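K.L.:
mind folding the following:
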Amino acid sequence: MSNSFIGSIDDGFDGDISIAVVTAVATKRDVEPTELPPLYESIDPDALDALFAPTRTSGPRRGRLEFTYDGHAIVVECGSDLEITIDGTPATAEPISAGRADRLGDSRTGA
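P.N.:
Residues are numbered from 1 along each chain as shown. Okay, the predicted model is just below:
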């Protein structure tokens, strides 16, 4: 597994950050995302996505958020790039396809 950022606003990352966090943690732990606890037990996934959503003028949001998910220190930082760090190490994850995003729904929302 390489250690680099998970996506970039400049590169057109348009997925949900909440799903990207779950996917990155699953990749780091080498498990399926559905094996992790629901993200909402740590943070509101909708609020996380909204926090880093583009502005009303379609400009990127900038900021940093730190929280704990399933025992891991997560940092989401949005500047010129979107970077997700797990336990101090930049995370990677496979691209999220529509089918994979549907399967991740259980981990994100607990549905």
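
K.L.:
mind listing the strands for the protein?
P.N.:
63-69, 72-78, 82-86, 89-90 (DSSP state E).

K.L.:
and those as CSV, adding mean pLDDT?
P.N.:
CSV is the format used below for those (pLDDT from 0 to 100):
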stretch, mean pLDDT
strand 63-69, 95
strand 72-78, 93
strand 82-86, 90
strand 89-90, 89
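
K.L.:
most tightly surrounded among these?
P.N.:
Stretch with highest mean neighbour count among the strands of the chain: strand 82-86 (a mean of 21; mean count of other CB atoms under 10 Å). (C-beta placed from N, C-alpha, C; glycine too.)

K.L.:
turn the strands of the chain into TSV, including distance to Asp44.
P.N.:
Formatted as TSV, the strands of the chain follow (distance: least, CB to CB, whole Å):
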stretch	distance to Asp44
strand 63-69	10
strand 72-78	13
strand 82-86	17
strand 89-90	24
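
K.L.:
Gly15: which of the ones you listed is closest?
P.N.:
Of all those, it is strand 82-86 that lies closest to Gly15, at 9.7 Å by CB to CB.

K.L.:
quick one: average pLDDT of stretch 17-36?
P.N.:
Averaged over stretch 17-36, pLDDT sits at 93.

K.L.:
buried sites along it?
P.N.:
Residues 17-28, 33, 36 are the ones in stretch 17-36 that count as buried (16 or more other CB atoms under 10 Å).

K.L.:
closest one of those to Val75?
P.N.:
Nearest to Val75 among the buried residues of stretch 17-36, with distances taken as CB to CB, is Val21, at 10.2 Å.

K.L.:
what's Ser42 sitting at in phi/psi?
P.N.:
Phi and psi for Ser42, reported as degrees, to the nearest 10, are phi -110, psi -40.

K.L.:
and it, how many neighbours?
P.N.:
For Ser42, the neighbour count with other CB atoms under 10 Å is 17.
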